[in-house]
Each structure stands twice: as structure tokens, then as C-alpha cells.
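Asker: A structural model of the following input is requested.
(2 chains)
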Amino acid sequence: QKEVEQDPGPLSVPEGAIVSLNCTYSNSAFQYFMWYRQYSRKGPELLMYTYSSGNKEDGRFTAQVDKSSKYISLFIRDSQPSDSATYLCAIKGGSEKLVFGKGTKLTVNP
Amino acid sequence: DSGVTQTPKHLITATGQRVTLRCSPRSGDLSVYWYQQSLDQGLQFLIQYYNGEERAKGNILERFSAQQFPDLHSELNLSSLELGDSALYFCASSVRSSGMETQYFGPGTRLLVL
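Answerer: Take a look at the predicted model:
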């Protein structure tokens, strides 16, 4: 079983839609949960992070962690064409090592 | 712009050859990480250096090696290259704040092995 599973998509939505991106993980020792956004031909950039179960909001973005189900989500409200990118979940345990999902490619159509 | 720089941006070489990828971390960051990103494997952690010392190893092949120099820049050496080594190679540097470490990624080096 892979440490982190993420549906690669692709996901295509109309502008203004609510987007839901998800990952599952297998190791209950993971403590930190991150979402990175990667535009085409660029390096990943940190979007949000959290280290507890529950929700964390930042503008149009909400990160949700359910440790009991080992399930993390990223919601994007009022999606914009500029949100078109690949979104990677990343999870960290006690070491410095980040384990990434394979990424979900999102296209928001005007 | 993350502040992490990588050179070269693109590299085309032949099987069996050796290449060196270079990374300069953000000013003040002591940690450097190397990642490989391919379509089938996703983003895979290769190796981490902290202030010149190897800190952690991931899925790095024996044909690959890295080092971090006193000025904190790092180099990733790939030798006896195979077709399957074609990928994007990213470097990241990190800062710790409020107990949380954040990694900042460079723009990557796109390697094509023919």
C-alpha cells in the first residue's frame, strides 16, 4: 500500500465551481499535512499546511484533515482560471522527509 | 519567485553520460533537498543536506550522489545515465518557523536522456 494516494484526475470544472481535491494516507504517524500548487513548468509552491484534524481556511481555500479516516482534502471556492494547476498533497511524519501524492491536474474553464 | 535557483533549466544528454545539477538555496536556509519528478512516480524525495552534512536519504540510486558546499549551494551528480532517468529534478530549501518546516522549491532542471 502506498503511503499517500491521490487521484491524478484530470479534473475540469467551470469557473466559479467548488473544487474538492483529496488524498488518503496509510501511516497514522504522519503529523503535518500540506497542499502544494504546481503550475506548468514551475516548481511546487506551498499553498496551505495544517497539523491537526479539522479545517483551516485561507481565502478561497480550505484544507481539511480527518486523522481517524486518514483522509485530507482541499476545497477551492469560486474557482478561477488562474487556479488551473496541479495540486499535490504532502505529508510529513517526525522526520524532515515529505511524502507527496502524485498530484491532481485541475483545469478551470472560463 | 521562491528564491531558490537551479541551473541549468534544461539538459539533454546521452545514455551512459554524467551530468551535474546545481542548486542555490534561499539566503539563510541551511537545508537543501533534492527531488525527482516523473509522470509515473510523481515527486520522489532523493536526499537532504543540512549545513554541509547528509541528513536523510530517500529513493536515491547508487549512480546518483550529492553534496553541499560551505557556501551552502548543492550539486546533484547523475552518472551512467539511463533513459529512465529523464525527469524533472527539483531542489528545495527550508526554513523552520513556529515548529513547522516549510520547503521552498526551485524552478527545476528538466533532464532528457536520449
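Asker: Please report how far the residue nearest to B:Ser80 when sequence neighbours are not counted lies from chain A.
Answerer: Sequence neighbours aside, B:Arg63 is the residue nearest to B:Ser80 in space, at 4.9 Å (criterion: Cβ to Cβ, 6 or more residues apart in numbering or on different chains). Where C-beta positions appear, they are placed from N, C-alpha and C, glycine not excepted. Distance, B:Arg63 to chain A, by Cβ to the nearest Cβ, to the nearest Å: 21 Å.
Asker: wait, doesn't B:Arg63 sit right on B:Leu46?
Answerer: No: using Cβ atoms under 8 Å as the test, B:Arg63 is too far from B:Leu46 to be in contact (11.7 Å).
Asker: What residues of the lowest-mean-pLDDT helix or strand in chain B count as buried?
Answerer: Ranked by mean pLDDT, DSSP states H and E, the weakest helix or strand in chain B is strand B:100-105, scoring a mean of 86. Within strand B:100-105, the residues scored as buried using 16 or more other Cβ atoms under 10 Å in any protein chain shown are B:103-105.
Asker: which other helices and strands contact that strand?
Answerer: The helices and strands touching strand B:100-105, judged by 3 or more Cβ pairs under 8 Å, 6 or more residues apart in numbering or on different chains; DSSP states H and E, are strand A:45-50, strand B:31-38, strand B:87-97.
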